[in-house]
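Trainee: Dropping a prediction and its sequence here:
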Amino acid sequence: MKIIEGGVTAAKGFLAASTAAEIKYKGRADMALIYSETPCAAAGTFTTNIVKAAPVKWDQKIVRESAYAQAVVVNSGIANACTGAEGFDCCEKTAAAAGAALGIPKEAVLVASTGVIGMQLPIGKLEAGVRAMTPQLDGSLESGAGAARAIMTTDTKRKEAAVQFSVGGKTVTVGGMCKGSGMIHPNMCTMLSFVTTDLAISKELLQEALSADIKDTYNMISVDGDTSTNDTVLLLANGMAGNATITEKGADYEAFLAALNYVNETLAKKMAGDGEGCMALFEVKVIGAETKEQAVTLSKSIITSNLTKAAIFGHDANWGRILCAMGYSGAQFDPEKVDLYFESAAGKLQIIRDGVALDYSEEEATRILSEPEVTAIADVKMGEAHATAWGCDLTFDYVKINADYRS
């Protein structure tokens, strides 16, 4: 597997465009269009929130019922959530406008929205945006980067990833882009992710691969404990790499899983590290667990602890908060057997052994915790299972951003 530059346009046959439709923002692009030159097998995973935005409902229908997908229209600024029948009608009209402009059925067009909940989208601006983007569609890395910028809301940077690998002598590419900075919590989060590949693979295996991989990637991140109404991950495969279509599991399928996991994990970490107002990516590794489920529960509990997140912001090795978060997680373990380490580019330091603090240097701990990427490693000494979760520190700016979000 080779890491390459790019995002949604890295794979063969995928084009992108963006435009400033002025849906909510002024003076910046706020719509993106992804298009495949040939029909795609489509897979998707969506929010577990009972309150689902209209685009989620539209995309669930398309992924489940349509023979193929070929385009995705995305807007930022307004989420099209809690908008009733009018909101769903807006999705259909947007898909119809894109279908007419691209010469494909509306049932081949997926849509996604992110932004303020409760506002109706201006369908006229969406339709105009689609018409403006269609002639600009391009397969360059720059067009992909422009699309990644256009879907941002409170994100501070665009988020892309891409890799290549070989299947049957053919070079296959997997690339993706995402947005997400707030309202992010495990079990799909306000995150949108769009992954494209030129691999030829059955729709059934494509969906199985995505559904399995999100458990260790997007579902292992948290910024603020809020599960969004709009979370969507879409995976499109157009087969233009020219490999023999993968219809059963084997070495080729495993190679694809590895590539997909790299792209999804990279995008997930970029979202966690760009949490609203955050200063540091906070990674938690639970090792020595009895089961994978136990490790997942413990690691998620630590990254969602506001007290722990605040300690990371303060570069404070307050290990008691981590043990506390493990203790109320619901997972069973012996706190008197836990070893805990902090690690970053500045070094690695053991803080506790068998549940008791060591005579460590607070100055060294602070130096390690002052890096932009910080890892806590908790060894519960019960078995061989492990899990990794990603979050961020909790800063003053998180409150400021969310207090003023609608204004």
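Mentor: Happy to help now that I have it. Everything numeric here is computed off the predicted structure, so don't read it as measured data.
Trainee: Residue 36: which element?
Mentor: Here residue 36 sits within strand 31-46, counting by DSSP states H and E.
Trainee: Pull out the buried residues from that strand.
Mentor: Going by neighbour count (16 or more other C-beta atoms under 10 Å), the buried part of strand 31-46 is 31-36, 39-46. Placement of C-beta: from N, CA and C, glycine included.
Trainee: for stretch 241-260, same thing?
Mentor: For stretch 241-260, burial by neighbour count (16+ other C-beta under 10 Å) applies to 241, 243, 246, 252, 253, 255, 256, 257, 259, 260.
Trainee: Return the per-residue confidence for the fifth one.
Mentor: Listed pLDDT for residue 253 reads 98.
Trainee: Quick check, it in contact with residue 206.
Mentor: No: applying C-beta atoms under 8 Å as the test, residue 253 and residue 206 come out as separate, 10.2 Å apart.
Trainee: Am I right that residue 69 is in contact with residue 108?
Mentor: Yes: using C-beta under 8 Å, residue 69 is in contact with residue 108, at 5.3 Å.
Trainee: Spit out the contact partners of residue 29.
Mentor: 18, 19, 20, 146, 149, 150 (C-beta atoms under 8 Å, 6 or more residues apart in numbering).
Trainee: just residue 61 next, same as before
Mentor: Contact analysis of residue 61 by C-beta under 8 Å, 6+ apart lists nothing.
Trainee: Give me the angle between the strand or helix carrying it and strand 31-46.
Mentor: Using DSSP H and E, the element containing residue 61 is helix 54-65. If you take axes from the mean of the first three to the mean of the last three C-alpha atoms, to 10 degrees, helix 54-65 sits at 60 degrees to strand 31-46.
Trainee: Please point out which parts of helix 54-65 sit buried.
Mentor: Residues of helix 54-65 classed as buried by neighbour count (16+ other C-beta under 10 Å): 54, 55, 56, 58, 59, 62, 63.
Trainee: Can I get it in PDB, CA atoms only?
Mentor: Extracted in PDB, the C-alpha atoms of helix 54-65 (Å, rounded to 0.1, in the frame of the first residue of the first chain):
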ATOM      1  CA  ALA A  54     -33.600  14.700   5.300                       C
ATOM      2  CA  PRO A  55     -30.400  14.000   3.400                       C
ATOM      3  CA  VAL A  56     -29.800  10.900   5.600                       C
ATOM      4  CA  LYS A  57     -33.200   9.600   4.800                       C
ATOM      5  CA  TRP A  58     -32.700  10.300   1.000                       C
ATOM      6  CA  ASP A  59     -29.300   8.600   0.900                       C
ATOM      7  CA  GLN A  60     -30.500   5.600   2.900                       C
ATOM      8  CA  LYS A  61     -33.200   5.100   0.200                       C
ATOM      9  CA  ILE A  62     -30.700   5.500  -2.600                       C
ATOM     10  CA  VAL A  63     -28.100   3.200  -1.200                       C
ATOM     11  CA  ARG A  64     -30.800   0.600  -0.400                       C
ATOM     12  CA  GLU A  65     -32.900   0.800  -3.500                       C
END
